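*Asks:* Test case, fold it:
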Amino acid sequence: MAIRPILLHPDPRLKTVARPVQAVDDATRRLAQDMLETMYDAPGIGLAAPQVGVLLRLFVMDCAKGDEPPDPLVLVNPEILWTSPERVPYEEGCLSVPDHYAEVIRPAAVELRWTDLDGGVRQARFDGLRAVCVQHEIDHLDGRLFLDHLSPIKRGMITRKMVKLKRDRARDRAEPARA
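*Replies:* From the prediction side, this is the model:
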């Protein structure tokens, strides 16, 4: 397993629609394990393959809280089958947009179908934080960020701050260490 670098907004790969996974094989399972390790290290509750530069329809999540045991879930080629008519606001953040949060309104519950790491087809209904997480991650697979749900002014403000953060990080990496 390996911790992979997480792409930061703005990066064109984050705006690209991911391709379906053709087969759940050892490479897919290795990617999922790397993504779980990366997500836990970040730390976060969800991570989509495009966020680590792999343009495939796969994401990992674990919405266990505090003292609850880990409850990782890997979803390959997920598709939303149903969304509740009820909408709820939730303050979202993103590992590709660190330190920025905003309220996003999404369906309160969703039903999904996906393939698991054994190649089996699964289906389940998600609500609460888990519903928010799966919708956020599927947005990533569709080339969208939570920022796309915000007003153009707020989105532009956060994007400018992210451009500055990326420039500052690049400069810090380029500067030689001083003794």
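*Asks:* OK, contacts around residue 36?
*Replies:* By Cβ atoms under 8 Å, 6 or more residues apart in numbering, the contact list for residue 36 reads 1, 47, 60, 62, 72, 74. Backbone N, C-alpha and C define where each C-beta goes, glycine included.
*Asks:* Tell me the one of these nearest residue 151?
*Replies:* Among those, residue 47 lies closest to residue 151 (Cβ to Cβ), at 26.2 Å.
*Asks:* returning to that earlier point: just the buried residues from the contacts of residue 36, in ChimeraX please.
*Replies:* Here is the ChimeraX command that selects the buried residues among these (16 or more other Cβ atoms under 10 Å):
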select :47,60,62,74
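*Asks:* any chance of the contacts of residue 36 in a markdown table, plus pLDDT, secondary structure and distance to residue 94?
*Replies:* Formatted as a markdown table, the contacts of residue 36 follow (pLDDT from 0 to 100; DSSP: H, G, I helix; E, B strand; the rest coil; distance: Cβ to Cβ, whole Å):
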| residue | pLDDT | secondary structure | distance to residue 94 |
| --- | --- | --- | --- |
| 1 | 76 | coil | 23 |
| 47 | 98 | strand | 10 |
| 60 | 98 | strand | 14 |
| 62 | 97 | coil | 16 |
| 72 | 97 | coil | 19 |
| 74 | 98 | strand | 19 |
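*Asks:* Nearest to residue 122, out of the contacts of residue 36: which one, please.
*Replies:* Distances from residue 122 to those, taken by Cβ to Cβ, are shortest for residue 74, at 10.2 Å.
*Asks:* Could you look up the SS state of the residue nearest to the closest one when sequence neighbours are not counted?
*Replies:* The spatial neighbour of residue 74 that comes closest, neighbours along the chain excluded (Cβ to Cβ, 6 or more residues apart in numbering), is residue 32 at 4.5 Å. For residue 32, the secondary-structure state derived from DSSP: H, G, I helix; E, B strand; the rest coil is helix.
*Asks:* and the gap between the spatially most central residue of the chain and residue 67?
*Replies:* The residue lying closest to the centre of the chain (Cα atoms, centre = their mean) is residue 47, at 3.5 Å. Applying Cβ to Cβ, to the nearest Å, the value for residue 47 to residue 67 is 22 Å.
*Asks:* try residue 125
*Replies:* 25 Å.
*Asks:* Looking at these two, which one has more neighbours?
*Replies:* residue 125 (13 against 5; other Cβ atoms under 10 Å).
*Asks:* what ranges do the strands span in the chain?
*Replies:* Remark: strands assigned in the chain by DSSP state E are 46-48, 58-61, 73-83, 87-94, 97-107, 109-115, 121-127.
*Asks:* Could you list every helix and strand in contact with the helix-or-strand element of the chain with minimal mean pLDDT?
*Replies:* Least confident helix or strand of the chain, by mean pLDDT, DSSP states H and E, is helix 152-174 with a mean of 91. Secondary-structure packing of helix 152-174 (3 or more Cβ pairs under 8 Å, 6 or more residues apart in numbering; DSSP states H and E): strand 97-107.
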